[in-house]
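Colleague: With the input below, show me the fold.
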Amino acid sequence: MSKKKKKKGTKSHQDGPRGMPPIESVDVIEGSGFRMERHGRFIHMETNRTDEEQQELMEKMAASAESLTADIAEHAASIIKRLSKYDTFTILNALTLQNYIADPDTYKEYSHPGKPFVPEYATLLALQHPYSEGTNEKISLNVLQEIQAYIEHIFRTAAFLNIARYAKKSIEEGTASQCPDTLEEMQSSIRMHELVVRNPAYDHHHHEVIRGLFRPFEKDPLFVDGLSVNDALVLSNAITARINRLLNEKFQDAQEGLQLIKSNVRKARHIGTDDVVDTANGQKTMTGKAFYQNLTKLSSKEFEQALKTISLEWIFNVWGTICSFIADELADEASIPLKKVEAYLNLFSMTFGDIPESDIEPSQTHPLRTRPLVRYGNRYLSSAPALMDWAIQPAFESTLKAAGGSWWQRYHKHRHDHVLHLTCQLLQRMMPGATIYTNLLYYEDGDTSKEAEIDVIVIYDTVVFLVEVKGADVTDPARRGAPDRLRYDLEKVIAESHIQALRAKTYITANENPAFRPVAGGPDLNIPDGIRNIVMMSVSLAPLGHLTSLLHADSDIGFFKDGEYSWIISLYDLMVIGDVIDLPPMFPHYVIRRIHTAHQSILEAHDELDIFGYYLNEGLYIDDIVEDLSTEKRMTGMSLLSYTGQFDEYYAYQNGSRRKHAKKPAQRIHPKLRKIIDRIELSGLPGRVDVAMSILDLSHEARMGFLNGVKKAQKICKRKHRSSDATLTGDEEGGWGLTYICAQDSVILKGALERYCIRKQQQLQYKKWVGIAEVIGRKPKLISVFQNQRY
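Modeller: Alright, predicted model coming up:
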C-alpha cells in the first residue's frame, strides 16, 4: 500500500512498488463451506468445507447425472421439432444472424449476448435429419429466442453433467472428500473453453501464422487441384464478405420498408386504415387492415420497438438466401478458379444425414470443427463462421500426415522452425537492443557424452531469456478433457520445454564460463558477466492461454521442477504483447512480474492476456493482497475478470470494422518519464535494464513523485549551476532506493553517482539501490547508471 509522500528539499521518501487498493468487499456470495467476494475486477474465492460436507456435496451432484442427461435429450427433441417447421437454411442462418451480428463500436466480449455455439448446435441437430422445406409459418423473434434459450439451457446442463460425472467418478475412486487437483481443474477448464469459446487469436495474427506454416508446400501436387492455404483463407473471407454485403443491402431495403410503414401509420391515424397502400420498391411488404390498426394503438416507444421487430423478422426470413451460395457465386466473389473453389467446398462441407441421431450432447470436438460448411444440393451455407479459418490448419495437416514419409517430417520440422522464427522476430521487435541466438548446443554437466540443445537464447543487458518453442497442438481427446491424454499433451508442450530450459539455466549458473555452440557452426556464445535475471519461457503454437493462466510454480501437476517456473505463452498471445509493448525494458519487466505471481500461487485468470491486460491497466502487483491473506491464514484463490476488451477494440479499429477511435493499449506513464526510460535504453550502458525496470516497479504516484524530484533537481542544476539530486526510498522487500543526479559538467558526475548510492545504501541497510546520472544541457544526456543488490 502506498504511504503519504514526505518531502525534504529535493529528496522524497515514498512507498514505490505498486500495491492494490484496500480489500473492500463489493459483492459476496456464500454457500456451504464456500465464500466468493468481488473486489472490482478481482474475484476472491475461499473453500473451507469439512470432509463430510464435501462428501455430501459430491454425492448430491453425482445423483443428478441421470436426470441431467434426460433433460438434455428432452430439450434437444423440442429443438428438433421446432426446426422442422421451417426451411432449414433459413432457420439455421436466422440463428447465426442472431448470435453473430454486433456493433463493433460498442462490442464487449463479456457482455455480448451472442453465442456462436447456439447456431452450431442447432446445425448439428438438423444434420441428423433430412433437409426440411418447412411450412408456410414465418420465423418470429419469439421462435428464435425460444430456440436460443433451449440451447443455452442445454449447454448449462452439460456443464453440470460434467461436474456430476466427475463427482460420480470421485466417489467410485474414494476421493470425493478431496478438493480437485490441478489436472482436474484443467480438465474442467478445457472442456468448457472448447464448448463455448471461439477464435482464440485475432484473425490477422492467425492468418499470418498459418500462411507461413504451409508456404513451402503451396506448389506441391499433394493438395487437390492446387488448393493452397492462402486460397482457403481467401475463400473463407469471401464467404463472410458476401454475407456482409448482401446483409447490408437487405438492411437498406428494410429501412426503406420501415419508412413506408411509418408514413402509412401516420396516414392511418388521420384518414383510417382502409385507404392505406403498403408497397416498397414496387412490391407489397406488409398488408392488412389489422396490421395497421394494431400499430396505430401503440405508444411512441412501443411503436419504435415494433418497427425493430418487424425489420429483424423480415431479415430473418430472407436470411437463408443471403447466407447460402453456389460454387460459381463464391468463385466470382473470391476471384478464384472454380476447380479450386469446388475442392475447398468438398474439403470443408458436410450434408444432411452425416451425423448420427444419437449425438445430442454438446461436444468439444463436433464435426463442424473440421467441416464448418453445410451442403444441400448445389448450395452451401455456413452457420459457424468462427470455425471456418480454424478448420484450415488441421485439414491441411491431415493431408500431409496421410501422405506419410518425408511429407510429414518436412512439415513437422518447418512448423517448429516457423514458430521459432516468428518468436525471434517478436522478441527482437520488443527488445531492439537484445542479441538473439538460435539452435545452440552445450555439454550438460561438462560431460561431452551428454549433449543438450536450447532453441533460443536472448541476451538483453543483464537479462538472459532461455526460450523453447513447441509447434504441436493438443489432440481431440485432450480437448474433451480425457485426463491421461490431456496430461500427456501438456507434458509435451509445457513440462518438456521447462526441463529443457531449466537444464540450460543450471548449466549457466553452475559454470564460470558457460559456452554454447551454434548448430549451424560459427563462434561460440559465451554468457557475459553481470547477468542478474535468467528467465525461462516456452512459446507454443497451440493457444493454451486458458490453461497456462491456471498454473502456478507449485501446482501439483508436477510440470515445474526444483521450485522453478517457466513462463508458458501462446505464439498468438505473444503477438498481441509484441504489438502493445512500447518500451523495451517493459517486456522483461512484465515477464519477471508474471513469473513472480506464479510463485505466489494465488492469481488465476480466464486467459493469459487478461493477466497482461491487468499489468497494463493496474500493474501486476498483488503482494499486499497475498500478505494480507497469508496473515489472516485464509486459503483462497483470486481470479481476474476480463481485461481483454481493450485489445478487441484496438484491433477492430485497426482493421476498419470499428469507426470509433480506439487507442493502442498502454501502461499509464507520463510522457516525460517515458523520455527518461528511453534515454536509459538508448544509452546502451551496462545495467540500464535493471534501472529502467526499477522505475517501472514504481506505482503511478511514486512515478510522479520521482518525476517531480527530477524536475526540481534539473531546475536547481540549471539555475544555480551545480549538481543536484533526488531520491525515492521504500522499506518493502528489504528496502530499496532510487537516486537521480544531474550536473552541467560530466567531470563533476564522474564517480559521484556510485559514491552517493553506496553511501546511502549502507546508511539505510537497504537491499537494493539504483541510480541515474545525467549531464544537463540543451538535451539531457545520460552518462551513468548504478545498480546494486545485496543477496
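Colleague: and stretch 521-529, which residues are buried?
Modeller: Neighbour counts over stretch 521-529 (16 or more other CB atoms under 10 Å) mark 525, 527 as buried. For glycine as for every other residue, the C-beta is placed from the backbone atoms N, C-alpha and C.
Colleague: Please work out the average pLDDT along it.
Modeller: Average pLDDT, stretch 521-529: 93.
Colleague: Not counting it itself, show me its contacts.
Modeller: 437, 440, 457, 459, 464, 508, 513, 514, 515, 516, 517, 518 (CB atoms under 8 Å, 6 or more residues apart in numbering).
Colleague: so how far is the first residue of it from its last?
Modeller: 24 Å (CA to CA, to the nearest Å).
Colleague: Centre of the chain to it, how far?
Modeller: 36 Å (CA atoms, centre = their mean, to the nearest Å).
Colleague: Stretch 557-570 too?
Modeller: Distance, centroid of stretch 557-570 to centroid of chain: 20 Å (CA atoms, centre = their mean).
Colleague: For the stretch 101-250 of the chain, give me the ranges with low pLDDT.
Modeller: 110-111, 221-224 (pLDDT under 70).
Colleague: Just the strands from it, written as ranges.
Modeller: Using DSSP state E, counting those that start in this stretch, no strands are found in the stretch 101-250 of the chain.
Colleague: For stretch 652-666, measure first residue to last.
Modeller: End-to-end distance of stretch 652-666 (CA to CA): 16 Å.
Colleague: Give the buried residues for that stretch.
Modeller: 652, 653, 658, 662, 665, 666.
Colleague: Same check on stretch 410-425?
Modeller: 411, 414, 415, 416, 417, 418, 419, 420, 422, 423, 424.
Colleague: Check the gap between the first one and residue 492 for me.
Modeller: Distance check for residue 411 against residue 492: by CB to CB, to the nearest Å, it reads 17 Å.
Colleague: pLDDT on stretch 669-686, on average?
Modeller: The pLDDT scores in stretch 669-686 average 94.
Colleague: what does it contact?
Modeller: By CB under 8 Å, 6+ apart, stretch 669-686 touches 433, 461-462, 530, 583-585, 688-689, 691-692, 695-696, 703-704, 706-707, 710-711, 772, 774, 780-785.
Colleague: roughly how far out does that stretch sit from the chain middle?
Modeller: On CA atoms, centre = their mean, the centre of stretch 669-686 falls 29 Å from that of its chain.
Colleague: Equivalent analysis for stretch 678-695, please.
Modeller: Distance, centroid of stretch 678-695 to centroid of chain: 30 Å (CA atoms, centre = their mean).
Colleague: low-scoring pLDDT stretches of the protein, where are they?
Modeller: 1-48, 110-111, 221-224, 271-290, 312-313, 315-320, 630-636, 791.
Colleague: What residue spans form the domains of it?
Modeller: Per automatic domain parsing, the domain ranges recorded for the chain read 6-17+669-789, 63-241+326-399, 410-542.
Colleague: Can you tell me which of those domains is nearest to residue 55?
Modeller: Closest approach to residue 55 among the domains of the chain is made by domain 63-241+326-399 (4.7 Å; CB to CB).
Colleague: how far does the closest one stretch from start to finish?
Modeller: 45 Å.
Colleague: next one: stretch 692-708
Modeller: 17 Å.
Colleague: Tell me the buried residues in it?
Modeller: Those would be 692-699, 701-703, 705-708, for stretch 692-708 by 16+ other CB under 10 Å.
Colleague: Near residue 598, how many residues? Count them for me, please.
Modeller: As a burial measure, residue 598 scores 22 neighbours (other CB atoms under 10 Å).
Colleague: thinking again about what came up before, give me the subset of the buried residues of stretch 410-425 lying in helices.
Modeller: 411, 414, 415, 416, 417, 418, 419, 420, 422, 423, 424 (DSSP state H).
Colleague: Which of the helices or strands spans residue 408?
Modeller: Element membership for residue 408, per DSSP states H and E: helix 405-430.
Colleague: Give the other helices and strands that that helix contacts.
Modeller: helix 203-214, helix 392-403, strand 435-443, strand 451-460, strand 463-470, helix 571-580 (3 or more CB pairs under 8 Å, 6 or more residues apart in numbering; DSSP states H and E).
Colleague: what angle sits between that helix and strand 435-443?
Modeller: If you take axes from the mean of the first three to the mean of the last three CA atoms, to 10 degrees, helix 405-430 sits at 130 degrees to strand 435-443.
Colleague: Who are the contact partners of residue 587?
Modeller: 427, 430, 431, 577, 581.
Colleague: just those residues now: which is nearest residue 308?
Modeller: residue 577 (40.7 Å).
Colleague: Around that closest one, how many other residues sit close by?
Modeller: Look at residue 577: counted by other CB under 10 Å, it has 21 neighbours.
Colleague: what about residue 519, how many residues close to it?
Modeller: 11.
Colleague: can you map out the helices along the stretch 451-600 of the chain?
Modeller: Taking DSSP state H, counting those that start in this stretch as the criterion, the stretch 451-600 of the chain carries its helices at 476-479, 483-490, 496-510, 545-548, 571-580, 586-600.
Colleague: Report all helices and strands that the second one contacts.
Modeller: The one in question is helix 483-490. helix 182-196, helix 476-479.
Colleague: about what we covered before: can you pick out the most distant pair from the buried residues of stretch 692-708?
Modeller: So, those by CB to CB: farthest apart are 693 and 708, at 20.9 Å.
Colleague: on that earlier part again, in CSV: the helices and strands packed on helix 483-490, plus mean neighbour count.
Modeller: Shown next, in CSV, are the helices and strands packed on helix 483-490 (neighbours: other CB atoms under 10 Å):
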stretch, mean neighbour count
helix 182-196, 19
helix 476-479, 19
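Colleague: Need the CA coordinates for stretch 442-455. CSV is fine.
Modeller: The C-alpha trace of stretch 442-455 is given here as CSV (Å, rounded to 0.1, in the frame of the first residue of the first chain):
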residue,chain,number,x,y,z
TYR,A,442,26.2,-27.4,-24.9
TYR,A,443,27.5,-30.2,-22.8
GLU,A,444,25.4,-30.9,-19.8
ASP,A,445,27.5,-31.0,-16.6
GLY,A,446,30.5,-30.6,-18.8
ASP,A,447,30.2,-34.2,-20.0
THR,A,448,30.9,-34.4,-23.7
SER,A,449,28.7,-37.5,-23.9
LYS,A,450,25.6,-35.6,-22.7
GLU,A,451,25.0,-33.0,-25.4
ALA,A,452,21.9,-30.8,-25.0
GLU,A,453,20.2,-28.2,-27.1
ILE,A,454,18.3,-24.9,-26.4
ASP,A,455,16.2,-23.3,-29.1
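Colleague: Any buried residues in it, and which?
Modeller: Those would be 442, 443, 452, 454, 455, for stretch 442-455 by 16+ other CB under 10 Å.
Colleague: Residue 740 - that's part of a helix, no?
Modeller: No. Under DSSP: H, G, I helix; E, B strand; the rest coil, residue 740 sits outside any helix and is assigned strand.
Colleague: Partner strands of the host helix or strand of residue 737 and their direction?
Modeller: Using DSSP H and E, residue 737 sits in strand 736-743. Sheet pairing of strand 736-743 (DSSP bridges) gives strand 724-730 (antiparallel), strand 768-775 (parallel).
Colleague: Please work out which of the ones you listed is packed deepest.
Modeller: Counting by mean count of other CB atoms under 10 Å, strand 768-775 has the highest mean neighbour count of the strands paired with strand 736-743, with a mean of 25.
Colleague: Now find how far off-centre that strand is within its chain.
Modeller: 37 Å.
Colleague: what are the C-alpha coordinates of that strand, in PDB please?
Modeller: The C-alpha coordinates for strand 768-775 follow below in PDB (Å, rounded to 0.1, in the frame of the first residue of the first chain):
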ATOM      1  CA  LYS A 768      18.600  -2.700  -3.400                       C
ATOM      2  CA  TRP A 769      19.700   0.700  -4.800                       C
ATOM      3  CA  VAL A 770      19.700   2.000  -8.300                       C
ATOM      4  CA  GLY A 771      20.800   5.400  -9.700                       C
ATOM      5  CA  ILE A 772      20.900   7.600 -12.800                       C
ATOM      6  CA  ALA A 773      23.400  10.400 -13.600                       C
ATOM      7  CA  GLU A 774      22.700  12.900 -16.400                       C
ATOM      8  CA  VAL A 775      24.500  15.900 -17.900                       C
END
